[in-house]
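Novice: I would like to see how this sequence folds:
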Amino acid sequence: MLRKRGGQSTYGQIIKLLYLADRKKLLERGTPITGDRFVSMKHGTALNLIYEVIRDGPLESLGQVWSTYVSLPYELNIKALKDDVDELSRYELRVLDEIDAEFGSMTFTQLRNFTHQLPEWEDPGDSSRIIPPERIFHVERRPQEEIDLAKEKADTAWSVENLLR
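Specialist: Take a look at the predicted model:
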């Protein structure tokens with residue numbers, strides 16, 4: 001997504017676009033692209049660890065990987081440091097392209113307003129609130145078995161994540 005913007009963009013725009021791509025893949029295939037946690041924040045939905053890494057610098061293993069590919073923010077912008085998408089499947093690249101085609105021309109303010117309209121978003125005030133993946137399936141009126149499977153996958157992923165900390 002940075003490459004499509006000449007190698008740089010505002011970090012708010014990239015976080016929103018990645019959230020939408022993760023959400024799309026979650027609903028289509030049951031898992032997100034990044035594996036990050038979804039959160040509601042004052043300015044709409046976001047990806048928790050990616051937001052923290054951009055805001056605070058490299059944390060844990062995700063932050064170290066992210067900082068290999070993306071610069072620390074300068075003012076509100078981030079830059080691509082490395083143009084390598086080998087870890088992404090053709091399907092994931094297609095999802096990113098589709099999200100970029102649909103939403104990539106929107107400003108951060110437009111994306112914020114759009115994500116405020118997503119049914120899973122709740123106003124957390126000045127804090128943040130985790131959006132469980134199964135809630136996204138629920139608000140999209142998916143069958144209960146898909147909701148249960150999403151919850152099971154998320155619980156397993158978060159248990160492994162907590163063991164690695």
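Novice: When you work out contacts or count neighbours from here on, use the C-alpha atoms and nothing else.
Specialist: Noted.
Novice: what's the burial count for the closest residue to residue 77 other than its chain neighbours?
Specialist: The shortest distance from residue 77 to any non-neighbouring residue, by Cα to Cα, 6 or more residues apart in numbering, is to residue 10 (4.2 Å). For residue 10, the neighbour count with other Cα atoms under 10 Å is 18.
Novice: pretty sure residue 10 is touching residue 74, no?
Specialist: No. Taking contacts as Cα atoms under 8 Å, residue 10 lies outside contact range of residue 74: 9.3 Å.
Novice: which regions of the protein sit below the pLDDT cut-off?
Specialist: Where the chain drops to pLDDT under 70, the residues are 58-64, 157-165.
Novice: could you redo the last one with a cut-off of 90?
Specialist: 1-8, 30-31, 33-36, 49-88, 146-165 (pLDDT under 90).
Novice: Nearest residue to the middle of it?
Specialist: residue 19 (3.0 Å; Cα atoms, centre = their mean).
Novice: State the helix or strand in which it lies.
Specialist: According to DSSP states H and E, residue 19 maps onto helix 11-29.
Novice: chain center to that helix, what's the gap?
Specialist: Taking the mean of its C-alpha atoms, helix 11-29 sits 5 Å from the chain's own mean (Cα atoms, centre = their mean, to the nearest Å).
Novice: So what touches that helix?
Specialist: By Cα atoms under 8 Å, 6 or more residues apart in numbering, the residues outside helix 11-29 that reach it are 1-2, 31-34, 38, 45-47, 50-51, 54, 73, 76-78, 92, 95-96, 99-100, 103-104, 107-108, 111-112, 115, 133, 136-137.
Novice: I'd like to know which of those residues are part of strands.
Specialist: Counting by DSSP state E, these place 38, 45, 46, 47, 77, 78 in strands.
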